[in-house]
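K.L.:
Next one to model:
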Amino acid sequence: MPSKLRYAMVCASNQNRSMEAHAMLKKHDFTVSSFGVGAHVKLPGPSQKEPNSYPFGTPYAQIYEDLVRKSPDLYTRNGLLRMLQRNMGVKTAPERFQDNRDIFDVVVTFEERVMEQVVEDLHRRPQALTRPVLVVNLDVKDSHEEAALAAPHALRLCQLLEAAEEWEDEVDSIVLQLHNETGRRAIYTICFY
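P.N.:
Down below sits the predicted model:
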């Protein structure tokens, strides 16, 4: 049975943190989407000064093929090919939050800067529905290991919100319970559609 709330997982490029959480929530039958907020999708390259950059909407399969063509050894070693294989099993391509007009009940971000961009975008939108959306940030380092550790915490947060009678009335206790159970601090704000 699908979740009663609609969730969005958001990181910078819709590749690692948001996709790890998206995959986990999807596996647990949550109604979930995922997004990035950057101007483009950026992945590590042969050096910090040479990242791989793609427009949002470029299929994960196409990015995978491009990296295999460039340096299969490097991108196998650094985990990008494995990450892209996971992503292909979840959805077709990275999407940009600012370009999406779906309505969500909860938006989970994985970096404070990303949360700020989501909130800024929501404030720019018409707020005709006066429908609340909870924006929660779980600060997570952008690494494969940290994304894997944080995904169960995002799942637990969403399970607590699902179980709430009215999340608006229980959000403080939910955030506290999440911290007590996982040790992960969450910050949140409420915006409106």
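K.L.:
How many neighbouring residues does the closest residue to residue 71 other than its chain neighbours have?
P.N.:
Of all residues not flanking residue 71 in the chain, residue 46 sits nearest, at 6.8 Å (C-beta to C-beta, 6 or more residues apart in numbering). Placement of C-beta: from N, CA and C, glycine included. By other C-beta atoms under 10 Å, the residues close to residue 46 number 12.
K.L.:
Quick check: residue 46 touching residue 73?
P.N.:
No - counting by C-beta atoms under 8 Å, residue 46 stays clear of residue 73, with 11.1 Å between them.
K.L.:
where does this structure have low pLDDT?
P.N.:
The chain contains no residues with pLDDT under 70.
K.L.:
residue boundaries of the strands in it?
P.N.:
6-11, 31-36, 41-43, 52-54, 106-109, 132-138, 186-192 (DSSP state E).
K.L.:
who wins for proximity to residue 19 among the ones you listed?
P.N.:
Minimum separation from residue 19 across those (C-beta to C-beta) falls at strand 31-36, 5.8 Å.
K.L.:
which helices and strands does the closest one pack with?
P.N.:
strand 6-11, helix 17-27 (3 or more C-beta pairs under 8 Å, 6 or more residues apart in numbering; DSSP states H and E).
K.L.:
Off-centre distance for stretch 30-50?
P.N.:
Stretch 30-50 sits 10 Å away from the centroid of its parent chain (C-alpha atoms, centre = their mean, to the nearest Å).
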